[in-house]
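> With the sequence up front, the predicted model follows.
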Amino acid sequence: MSKLYIFGIGGTGSRVLRSLTMMLSAGVRLKNGIDEIVPIIIDPDCQNGDLLRTVDLMNNYMHISENLTFSEENKNTFFKTRINRILQNFTYTIKDTNDRKFKEFVNVPSMNRETQAMMKMLFSEKNLESSMDVGFKGNPNIGSVVLNQIAMSDGFTNIANSFSQGDRIFIISSIFGGTGASGFPLLLKTLRTEQSIPNHSLINNALIGAVTILPYFKVKQDNESEIDSSTFISKTKSALAYYENNIVKNEEINALYYLADEPKNSYDNNEGKAAQRNDAHLVEFLAATAIVDFCNSDVTTDETRNNELGIKDINEENSATITFSSFHDGLKDMLAEPLTQLTLTANCFNDKFSYVSSSTLSGNGKLGLSTDFYRSSFVKNLQQHLYYYRDWLSELKSNKRSLDLFNLECGDKPFTVMTDITEKRVMSLKSNYDLFYDELSTVAKKKCQSRKAEDKLLEMYSLATKELYEKKFNI
């Protein structure tokens, strides 16, 4: 089996990793023998709110996954892809950036007069005075200097030491900011050419994919901030030209995905730290599907494959809302069943936990799941993840443009869960949650073969929601 190393650069990288983690928890499949991902976040702003939220999510995913045993007996698909934490908190440490200005990082005072003059030609006074511990604030010229240290670090050596034959690499970056725009080409060059790192031959010749994200949001104007939305398009054009001439034509990358959307939302202009915590967005969701597509496609080393993703035409009056009906068959096949299964489970835990954790649910008795087990740290971690998952779906729905896939307020009617798909009638005397409970008990009695309590619980919900999806929806 193989690993996928995912480098998430900047705030956008963290937000895309958040969406990918949600999809993997639902059981979205990675193919071609990839059963493990290795997330690596590259961001000088280690207190970035988006980064901290994603790290917390992935750590919690690991706590759940580590307690599960996947075998031929266990038919559970939730949390099946392993997450491997090679670096502390999944984060690559960028040295010498804490509490330092850029001019101190490059040591301008020690330069001779001619070199100082050259620096002032290349970098503005704002650039030189810029603090390094909140990212590069839309300045790729700064990022390209600071991130040159990547290959010469202990963290990168640890990454390289774990790389094996058949492993793949994927890079997430935005093209209109500072950290992502500068980090992507530098990291790619290191991966393709660096000879001093362990396993350099395997890494230099590995299959590498990337998603480069064009402007999809704006920030509010703030004269005190170095981030200015009005420069996003010009930076994007320059970066695209560079990528075409230096990456695509040289065939340094095997699959390159492009994503963009007309900016419909303006976020608060936060340069970094905990305040930079944006709601989940459709574009980040779709970027996560690009990672899945890269794993599941027969990518070759012969040429660069350029990819764009389209959605179906939608009515002008509904142009701000995307549903499953907006997706072409490939995305539906990838996402509809697993996401619906986890949403049914999350809604059930949110609305009916007191019942499904009691001895009244016959499935618990059949599997020996006690009330003490439902008070265990494993179940608490699972409840926390399902809370995060519902919160993520809610953010996607409320953002502009809205991704409105699921109803999170179903009450006593769990099968009204899909916003644009009407549930089918089934031949049963039971309905709503009585039908759900009956399916849980049926699979617990007839299909669950796991031995550990943790495996039994998730196998019961995985099998039951799969049966219910096929009976009630099956789009």
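On my side now, so go ahead. Residues are numbered from 1 along each chain as shown.
> next one: the longest helix along the chain to chain centre, how far?
Looking across the chain with DSSP state H, the single longest helix is helix 329-356. Computed by CA atoms, centre = their mean, to the nearest Å, the chain-centroid distance of helix 329-356 equals 18 Å.
> again, but for stretch 29-36
Relative to its chain's centre, stretch 29-36 lies at 16 Å (CA atoms, centre = their mean).
> can you pull the buried residues of it?
Within stretch 29-36, the residues scored as buried using 16 or more other CB atoms under 10 Å are 30, 34. Placement of C-beta: from N, CA and C, glycine included.
> State the mean pLDDT of it.
Stretch 29-36 comes out with an average pLDDT of 96.
> which residues are in contact with it?
Here stretch 29-36 makes contact (CB atoms under 8 Å, 6 or more residues apart in numbering) with 1-4, 24, 37, 77, 80-84, 166, 168, 292, 295-296, 298, 334, 338.
> Do I have it right that residue 188 meets residue 254?
No - taking contacts as CB atoms under 8 Å, residue 188 lies outside contact range of residue 254: 11.0 Å.
> what sits in contact with each of the two?
residue 208.
> just the strands in the stretch 101-250 of the chain please.
Here the stretch 101-250 of the chain has its strands, by DSSP state E, counting those that start in this stretch, at 168-174, 207-213, 218-219.
> In CSV: these, plus mean pLDDT and distance to residue 200.
Shown next, in CSV, are the strands of the stretch 101-250 of the chain (pLDDT from 0 to 100; distance: least, CB to CB, whole Å):
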stretch, mean pLDDT, distance to residue 200
strand 168-174, 94, 13
strand 207-213, 94, 14
strand 218-219, 57, 40
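> Among those, which comes closest to residue 367?
strand 168-174 (37.2 Å; CB to CB).
> Poorly predicted segments of this structure, please.
95-99, 102, 104-106, 127-152, 177-181, 217-235, 237-239, 263-276, 313-319 (pLDDT under 70).
> Recalculate using a threshold of 50.
222, 269 (pLDDT under 50).
> what does stretch 455-465 contact?
Outside stretch 455-465, the residues that touch it by CB under 8 Å, 6+ apart are 27, 68-69, 74-79, 340-342, 344-345, 348, 363, 367-369, 373, 379, 382, 436, 439-440, 442-444, 447-450.
> Mind checking which of those residues land in helices?
Mapping those onto helices (DSSP H) picks out 340-342, 344-345, 348, 363, 367, 379, 382, 436, 439-440, 442-444.
> Mind giving me the ChimeraX select for those residues, buried ones only?
A single ChimeraX command selects the buried members of these (16+ other CB under 10 Å):
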select :340,341,342,344,345,348,363,367,379,382,436,439,440,442,443,444
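> which residue ranges form the helices in the stretch 151-300 of the chain?
154-161, 179-193, 200-204, 232-243, 282-296 (DSSP state H, counting those that start in this stretch).
> TSV please, covering these and showing mean neighbour count and distance to residue 311.
Listed next are these as TSV, based on neighbours: other CB atoms under 10 Å; distance: least, CB to CB, whole Å:
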stretch	mean neighbour count	distance to residue 311
helix 154-161	16	35
helix 179-193	23	24
helix 200-204	15	35
helix 232-243	16	21
helix 282-296	24	9
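> With distance to residue 260 added, can I get these in JSON lines?
As requested, these are exported to JSON lines (distance: least, CB to CB, whole Å):
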{"stretch": "helix 154-161", "distance to residue 260": "30"}
{"stretch": "helix 179-193", "distance to residue 260": "14"}
{"stretch": "helix 200-204", "distance to residue 260": "30"}
{"stretch": "helix 232-243", "distance to residue 260": "8"}
{"stretch": "helix 282-296", "distance to residue 260": "7"}
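> nearest to residue 324, of those?
Nearest of the helices of the stretch 151-300 of the chain to residue 324, taken as CB to CB: helix 282-296 at 12.4 Å.
> what's that closest one in contact with?
Helix 282-296 is contacted by residues 4, 6, 12, 15-20, 22-23, 28-32, 34, 168, 170, 172, 209, 211, 213, 216, 255, 257, 259-261, 307, 309, 322, 331, 334-335, 396, 399, 401-403 when judged by CB under 8 Å, 6+ apart.
> Make a PyMOL selection of the buried ones in those residues.
Selection of buried members from those for PyMOL, criterion 16+ other CB under 10 Å:
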select buried, resi 4+6+12+15+16+17+18+19+20+22+23+28+30+34+168+170+172+209+211+213+216+255+257+259+260+261+309+322+331+334+335+396+399+401+402+403
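> Among the contacts of helix 282-296, which lie within strands?
Under the assignment DSSP state E, the contacts of helix 282-296 contribute 4, 6, 34, 168, 170, 172, 209, 211, 213, 255, 257, 259, 307, 322, 402-403 to strands.
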